[in-house]
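>>> Starting from these lines, generate the structure:
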Amino acid sequence: LVLTATALEAQVNFGITAGPNFQNMVGKDADGDKVTNGMIIGFHAGVKASIPVAPDFWFQTGLLFSQKGSKNDMGILPTKASSEDYYTTTRISYVELPLHLLFRPEIGDGHVLVGFGPYVAFGITGTQNVDYEGIPAFEQKIKFKNEISMMEHWDMDYAYYRRFDAGADIFAGYEFGMGLYFQLNAQLGLLNMMPVIADNENNANLKNTGFSLSLG
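Next comes the predicted model:
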């Protein structure tokens, strides 16, 4: 209600943003061992809106298309960083909604940008490419499910991940006087992206994490 009332009285700033993502999925495999995957490069692009709520403080939201994923060597149950013999490259595309508090004090001819807050994301599509000794072997389409059977776990046509992601963002940057800005973003996912395998006591727990560069 406070934000709505403020928005009615204050000017809302709209803008566009885009840049590269450097993403990974980290956590533990089904045996409880720490997983260290390889990083992939994706991108994000979308629109943002900033609403002033107090002197130098803004509420910032928007809608982004964002690619996430990782590179690993054991498909849905990765155990270590990608090897040269066998690895999979997972790319999942999300529609992402940031909900940030932005501190934007004036410095020189522009503004310093420092912010943090949660995000929520909805998976819309994705692929998992399997390569053997550097040669593309086959491609799996991403299916979104919270629970799968053991047969689905070993499916060669599809790879399964959970659709919803959520976590926390922190970022810093600078906005020039003409309105152009750049910033460095860090993101930590808080939800497990691996579906539960039915009748299996142990399951992998992997979360999206990474950083990105934005120009807006």
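>>> What is the helix or strand hosting G115 packed up against?
For G115, the element it lies in under DSSP states H and E is strand 110-132. Other helices and strands packing on strand 110-132, by 3 or more Cβ pairs under 8 Å, 6 or more residues apart in numbering; DSSP states H and E, are strand 57-72, strand 86-103, strand 135-144, strand 158-161, strand 164-175, strand 181-189. The way it works is simple: take the backbone N, C-alpha and C, and place the C-beta from them, glycine included.
>>> What residues sit buried inside that strand?
By 16 or more other Cβ atoms under 10 Å, the buried positions in strand 110-132 come out as 110-111, 113, 115, 117, 119, 121, 123, 126, 128-131.
>>> That one to strand 181-189, inter-axis angle?
If you take axes from the mean of the first three to the mean of the last three Cα atoms, to 10 degrees, strand 110-132 sits at 50 degrees to strand 181-189.
>>> and the residue nearest the centre of the chain, what does it touch?
Central residue of the chain (Cα atoms, centre = their mean): K68, 5.0 Å from the mean position. Taking Cβ atoms under 8 Å, 6 or more residues apart in numbering as the criterion, K68 is in contact with N21, Q23, M25, G42, R91, I92, Y94, A121, D165, N208, G210.
>>> least confident pick among these?
Least confident of the contacts of K68 in the model: M25, at 90.
>>> elements contacting whichever strand or helix holds that one?
Assigned by DSSP H and E, M25 belongs to strand 13-28. In terms of contacts (3+ Cβ pairs under 8 Å, 6+ apart), strand 13-28 is packed against strand 34-35, strand 40-54, strand 57-72, strand 205-215.
>>> Switch these over to CSV; also include distance to F138.
Below are the helices and strands packed on strand 13-28 laid out as CSV (distance: least, Cβ to Cβ, whole Å):
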stretch, distance to F138
strand 34-35, 23
strand 40-54, 18
strand 57-72, 16
strand 205-215, 22
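>>> rewinding a little: which member of the contacts of K68 is positioned nearest V12?
Taking Cβ to Cβ as the measure, A121 is the one of the contacts of K68 closest to V12, at 23.0 Å.
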